[in-house]
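Trainee: Give me coordinates for this.
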Amino acid sequence: MKFARRSKLFLDDAKVKNFITCFKDKQFLAFFFKQLQLNRSGRYQDAFPYLSPCGREHNFVRCDDRPIVFTHLLRGQAGEQLLSYCGGGDRLVVGFEPEKLVMFPENGRVYHPAPQKAGGVGLVKSALAFELSPSFEYSQGAGGPPTHFRWQGKRYALTNELVQLIRSNSSA
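Mentor: Now for the predicted structure:
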């Protein structure tokens, strides 16, 4: 059984969870997170809402918020912007969709669409969210949620389409 925390992956029974005890091999992380899905196995679903199958083995996963954590913004080979996740570098990426960023009002965290089979929502790591934060615009005033995002000379209206998905999933 595995535990994802702060965009790191650990064995659940690791007594100390830090950089030394986390998984770091990019090939393993890419395989593990590409297999990640909602746990519909009928086993340990309450304690471990996600699983990553590997042949006959089931790696049950739990996390503090979301198992997909976006850590870096990369440029793809065609010049497109990509979000890298879970330590996989360019092996684990989704296209960056600025208009779909959500600053969730209940916790102030920033989220972005993630692979559907892993729940459809990923958390933007705090350091990356901090880098992106100057691009948020607040048309309703500083007390309201952001309404727009400026990126590479374009102004995007935020869709907030992930808000309901985040609220409907109890792990947020």
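Trainee: Could you break this structure into its assigned domains?
Mentor: 2-63, 69-169 (the TED database).
Trainee: Same list as before, the ones you listed that is, but in TSV and with mean pLDDT and mean neighbour count included.
Mentor: Bear in mind the C-beta positions are built from the backbone N, C-alpha and C, glycine included. Formatted as TSV, the domains of the chain follow (pLDDT from 0 to 100; neighbours: other CB atoms under 10 Å):
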stretch	mean pLDDT	mean neighbour count
domain 2-63	78	15
domain 69-169	93	16
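Trainee: Tell me where this structure has helices.
Mentor: Using DSSP state H, the helices of the chain run over 26-35, 126-132, 162-168.
Trainee: In contact with residue 31, which residues?
Mentor: Going by CB atoms under 8 Å, 6 or more residues apart in numbering, residue 31 touches residue 54.
Trainee: quick one: terminal-to-terminal distance for stretch 100-116?
Mentor: In stretch 100-116, first residue to last residue: 14 Å (CA to CA, to the nearest Å).
Trainee: contact partners of it?
Mentor: If you take CB under 8 Å, 6+ apart as the criterion, stretch 100-116 is touched by 36, 65-66, 68, 70, 83, 85, 94, 96-97, 120-124, 129, 132-133, 136, 145-146, 149, 158-163, 166, 172.
Trainee: Likewise for stretch 139-159?
Mentor: 81, 98-103, 105, 132, 135-138, 160.
Trainee: Max pairwise distance over those residues: which two?
Mentor: Within the contacts of stretch 139-159, 81 and 105 form the most distant pair, 25.5 Å apart (CB to CB).
Trainee: now the helices of the chain in CSV, with distance to residue 50?
Mentor: Listed next are those as CSV, based on distance: least, CB to CB, whole Å:
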stretch, distance to residue 50
helix 26-35, 10
helix 126-132, 21
helix 162-168, 15
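Trainee: and residue 75, which of those helices is closest to it?
Mentor: Of all the helices of the chain, it is helix 126-132 that lies closest to residue 75, at 14.7 Å by CB to CB.
Trainee: Could you list every helix and strand that the closest one packs against?
Mentor: Helices and strands touching helix 126-132, by 3 or more CB pairs under 8 Å, 6 or more residues apart in numbering; DSSP states H and E, are strand 69-75.
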